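Chemist: need a structure here:
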Amino acid sequence: MDSIFIIPERTEVTHVNEKYLYNVSARVIRYGRKSDYLYNLEGGIKHTWGNNITIHFVFFEAQNNQYKRSLLELKLKFCDLFQREQYIGKMLRTILDKYGISCPIAPGMYRFLNTTLPGEKTPNYLPFRKGKVEVTFNQLQTQDLVGRFFVIFTVKS
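Modeler: Here you go, the predicted structure:
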């Protein structure tokens, strides 16, 4: 099985609901021309995040300097993503494990600094090499929009 590596190139937080989140920032950095692209995500949550939050990934393929929506989409309850989803959830769970965090996540400030997405033993399920993923968080009971961000990325095998 080939391994893939998802390399973030640029990110932007496009919506933050202050009823649920505070001090949210996301950025991609490189320390040198030949260094890896690293992802830094910081933010505080005001309420426990478990299966009361849904997370929705929508993938877009880069075509002719535009991002066209692809057929690839994933929508799960927050903890179910980390506990059951075998590709994206598994990669993200590795990051949570590195920081000693498990689901549900308690209120507080969280910093995931100098992070890469692990790709060992992950099949290449993406039908394109360059794209964008838009990630949306909603509160399940009220359907409040909690937050949204996007990441522009490249896939390497």
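
Chemist: Run through who's touching the lowest-mean-pLDDT helix or strand in the chain.
Modeler: Among the secondary structure pieces of the chain, namely its helices and strands, helix 88-98 has the lowest mean (mean pLDDT, DSSP states H and E), a mean of 87. Contacting residues not belonging to helix 88-98 are listed as 6, 57, 74, 76, 80-83, 102-103, 112, 115, 117-119, 122 [C-beta atoms under 8 Å, 6 or more residues apart in numbering]. From N, CA and C alone the C-beta is placed, and that goes for glycine too.

Chemist: just the buried members of these?
Modeler: Among the contacts of helix 88-98, those that count as buried by neighbour count (16 or more other C-beta atoms under 10 Å) are 6, 57, 74, 76, 81-82, 103, 112, 115, 117-119, 122.

Chemist: List just the nearest of these to Val13.
Modeler: Val13 has its nearest neighbour among the buried ones among the contacts of helix 88-98 in Phe112, at 13.7 Å by C-beta to C-beta.

Chemist: what pairs with the helix or strand that closest one falls within, and is each one parallel or antiparallel?
Modeler: With secondary structure defined by DSSP states H and E, Phe112 is part of strand 108-115. Paired neighbours of strand 108-115 in the sheet (DSSP bridges): strand 38-45 (antiparallel).
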